[in-house]
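Participant: quick one: sequence plus predicted model below, questions after.
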Amino acid sequence: MTSRPIIGVFAVQGDVREHLAALERCGASAVAVRRGVELDRCDALVLPGGESTTMAKLARTFELFEPIRERIAAGMPAFGTCAGLILLADRIEGGIRGQETFGGLDVTVRRNAFGRQVDSFEGDLDVAGLADPVHAVFIRAPWIERAGPAVEVLASVEVAGADRIVAVRQGRVMATAFHPEVGDDDRVHGLFVDLVR
Ligand code: GLN
């Protein structure tokens, strides 16, 4: 692995440009991935925010679904934000019927978990591995309902008296329910680029 890893951003939908820019600022070579040959070149992959149902369907359309699933299962580092977290979860609650995921994280994720009243909000969040809180933006975000023993919780938020998991890492797979690509704080992407290196 070079010190300037090639990190792909799954680029069929969602906030692709913001991820590409953040990864470049963290010292990675960032490339948009829409085809198998582009995925093959990548050392790691980011799954952006957007709509998880649409992204899973488009992955099928672009013949990327099985290749991405296989690469992640084979140990390629992956980082999902919001819809990307859903796509990395082994199990979904509140998904549409038959909603598929690439998997890789031994978690049950709840789609649109925060409910209508607070469907979008922001706040300062302590993230394991970072000295100062991150200003986290949540947009129709999921949370992690249950996590297996191999999953390290990086951040939680308190909602109605209960702690809800919103950032995790399991081996080389990382995910956040919020959008670290929004704004100019690249530290969460930095954690991922370090993990890839
Ligand atoms: N609610 C979206 C979904 O289920 C995720 C929202 C987002 O990525 N901002 O896919």
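Facilitator: All right, it came through fine.

Participant: so which helix or strand takes in the spatially closest residue to Val159 that is not a sequence neighbour?
Facilitator: Nearest residue to Val159, sequence neighbours excluded (C-beta to C-beta, 6 or more residues apart in numbering): Phe114, at 6.8 Å. Heads up, the C-betas are built off the backbone N, CA and C, glycines and all. Secondary structure assigned from DSSP states H and E places Phe114 in neither a helix nor a strand.

Participant: and what of Ile7?
Facilitator: In the assignment (DSSP H and E), Ile7 maps to strand 6-10.

Participant: okay, buried residues for the following helix or strand past that strand please.
Facilitator: Downstream of strand 6-10, the first helix or strand assigned by DSSP H and E is helix 16-25. Neighbour-count burial for helix 16-25, counted by 16 or more other C-beta atoms under 10 Å, picks out Val16, Glu18, His19, Leu20, Ala21, Ala22, Leu23.

Participant: quick one: low-confidence ranges for this structure?
Facilitator: 1-2, 116-118 (pLDDT under 70).

Participant: which residues of this structure lie near the ligand?
Facilitator: Neighbours of the ligand within the chain, by C-beta under 6 Å from any ligand atom: Gly49, Gly50, Glu51, Ser52, Cys82, Ala83, Ile86, Arg111, Asn112, Ile139, Arg140.

Participant: for the last one, grab phi and psi.
Facilitator: What it means is Arg140. Arg140 adopts backbone torsions of phi 40, psi 50, taken as degrees, to the nearest 10.

Participant: report the contact partners of it.
Facilitator: Arg140 sits next to Cys82, Asn112, Phe114, Asp119, Ser120 when contact means C-beta atoms under 8 Å, 6 or more residues apart in numbering.

Participant: can we see that at 6 Å?
Facilitator: Counting by C-beta atoms under 6 Å, 6 or more residues apart in numbering, Arg140 touches Asn112, Asp119.

Participant: repeat for the third one
Facilitator: Under the criterion of C-beta under 6 Å, 6+ apart, the contact partners of Glu51 comprise Ala83.
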